[in-house]
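Pasting a predicted model and its sequence here:
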Amino acid sequence: MNSLKQLYKDIKTSWGKKFRWITAFFLLWIYRTIFMPAGDGGFAQALQIISLFSMLFIVYSHWQRKVVGIFRISNPPIRTLLLLYFYALLSATWAFMPAFSAFLSIQNFILMALTFWLLSMPKTFDGVEKSLVYLIMAMAFFSAIGGRYNVGWPIFIHLLQTGTCSAMCFAYCFAEWIKEKKDKKRLRFFRTVMLISFVLLVTSTSSGANASCVAGIGTAMLFSGHAMWGALMACIGIFAFIYQDQLMDLLLLIMPGKTKATIESATGRDRLWEQILYFAAQKPMFGWGFACAERVVSVKGTVLSPDAHNNYIGFYGSLGYAGCVLAALHFVTSLFSFFKNSLKRGYLGLMCAMVVALVNGYSYGFLSGKACVITIAYFAIIVAGYHFKRAQRLEQLIRR
C-alpha cells in the first residue's frame, strides 16, 4: 500500500502546475485518438491538429533546446528511427493520399520530440526511469478506460493497445527486477508496477500481448543469467505446445464473441493482409506512401480498415522494400545498442520492452500507420536509452 501511495505522489508531482497546459492538450489528443473514430470528420481532425501543435508550441516556447535536441544527437536508435520517418515524409510526394501521409509522418516527428523533451527533464537516472514507466503506464490506463467507456465497463475486454503497453511495462520492470541486487526502494517500485501491469494485461484478454510478454520475460531470463527461471519458461512453453487444445478452450472462455477460426487467423485479419500484399506487389520498391496501404485497400479493395494491423506488412505496403530495409536497420541497431549496454541499469529492461513491441508489431501497425498509445510507449523506450546514459554520466560527474 505504501508503494501505491508513493506511486500516486510521484505522478502528482510529475504532472503538476508546470505541465498543466501540456497535460490538458495531451489528454485532448488522447481523447481524439481513443474515443473519437476517424469517421467523425473535420471536427475530429481539427481537434487532433490543434492539440498536437499546441503541445509543440508550448514546449518549444519554453524548452527549445531540449525539443530540437533529438535532431542533433548521434544516438543510433534515435537516428535510425528519424531516418525512417524522414523517408516516410518524403513518400508523401508519391503517396496515394499525400496530405494524409505527410501529416502522419510529421505527427510522429512531433511525438518523438515531445517524448524526448519529457524524459530530458529529470536529472537523475531514477527520475528518468520513473518518468518512462509512468508514461507507459499512463498509456495503458488511457487505453483501458477508453475501451471500456464505449462498451459498458466490462472487467474483461479485448484491448490490444492496453495489453501491449502493459506487457512492455511488465517486461521492463521484470528484467530490471531480477537484475537488481541492492536498491530495495527500486525493487518495491518494480513489484508495484508489475502488479498493476499484470492486472491490466490479464483483463485486456489479448493473446498477442500475452505472448509478447512471455517473449519479453524469456529475453530477460536469457540475458540475466537466471538458468532456473529460464528452465521454468521452457516448461511453460512446452506445456503450451502440448496442451494447445486446452489453451484454445481457455481463450474462447475469456474472449466472448470470438471463434476458434478468428483467433487462429489473427482475429480475422488474413483477408486484410492478403489484399495489402496484393496491392503492395503493384508498387514493391517504394510503396503507396506512408500509412496509405490500408487506405488503398479500403478504396480499391473489399476490406475497410483504418489500420494495417501489422507493422511489417504495413511498412511493405506503404513504403515498399526501401522502407522495410530502413525499419529493419532501426530494429537491429536499437536491439544491438540495448544489448551492448545491458549490464548497465535500465538497458536490459529496454531491450525486453522492445522485444514485446516487436512481437506485437505482428498484430498492430503502431509504427507503420496512424499513431496510438503504443506508438508513444515505443518512442519512450527508444529515447530512454539516450537519457539513461545522459543521467548516469551526470551522476558520475557529481560524485567526482
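All right, it came through fine. Please read these numbers as outputs of a predicted model, since none were measured by experiment.

who's in contact with stretch 380-388?
70, 73, 75, 77-78, 81, 112, 115-116, 118-120, 122, 125, 128-129, 132, 135-136, 168, 172, 334, 337-338, 341, 344-347, 350, 353-354, 357 (Cβ atoms under 8 Å, 6 or more residues apart in numbering). The C-beta positions use only the backbone N, C-alpha and C, and glycine is treated the same way.

Check the secondary structure at Tyr364 for me.
coil (DSSP: H, G, I helix; E, B strand; the rest coil).

before we move on, what about Thr375?
Here Thr375 is recorded as helix under three-state DSSP.

Need the nearest residue in space to it, chain neighbours excluded.
Residue nearest to Thr375 in three dimensions, not counting chain neighbours: Phe366, with 4.7 Å by Cβ to Cβ, 6 or more residues apart in numbering.

Met121 too?
Ser131 (7.1 Å).

what's near enough to touch Met285?
Contacts for Met285 (Cβ under 8 Å, 6+ apart) come out as Gly320, Tyr321, Ala322.

As a check, name the ranges of all helices in the stretch 101-250 of the chain.
125-149, 160-179, 184-204, 207-224, 227-242, 244-254 (DSSP state H, counting those that start in this stretch).

Only alpha carbons, please: show the second one as PDB.
Listed in PDB are the C-alpha atoms of helix 160-179, where the atom choice follows Å, rounded to 0.1, in the frame of the first residue of the first chain:
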ATOM      1  CA  LEU A 160      -4.700  -4.900 -27.700                       C
ATOM      2  CA  GLN A 161      -3.300  -1.400 -27.000                       C
ATOM      3  CA  THR A 162      -3.800  -1.800 -23.300                       C
ATOM      4  CA  GLY A 163      -2.300  -5.200 -23.300                       C
ATOM      5  CA  THR A 164       0.700  -4.200 -25.300                       C
ATOM      6  CA  CYS A 165       1.600  -1.200 -23.100                       C
ATOM      7  CA  SER A 166       1.100  -3.300 -20.000                       C
ATOM      8  CA  ALA A 167       3.300  -6.000 -21.400                       C
ATOM      9  CA  MET A 168       6.000  -3.500 -22.300                       C
ATOM     10  CA  CYS A 169       5.900  -2.100 -18.800                       C
ATOM     11  CA  PHE A 170       5.800  -5.500 -17.200                       C
ATOM     12  CA  ALA A 171       8.800  -6.800 -19.300                       C
ATOM     13  CA  TYR A 172      10.900  -3.700 -18.500                       C
ATOM     14  CA  CYS A 173      10.200  -3.900 -14.700                       C
ATOM     15  CA  PHE A 174      10.700  -7.700 -14.600                       C
ATOM     16  CA  ALA A 175      14.100  -7.500 -16.400                       C
ATOM     17  CA  GLU A 176      15.400  -4.800 -14.100                       C
ATOM     18  CA  TRP A 177      13.800  -6.500 -11.000                       C
ATOM     19  CA  ILE A 178      15.600  -9.800 -11.500                       C
ATOM     20  CA  LYS A 179      18.900  -7.900 -12.200                       C
END
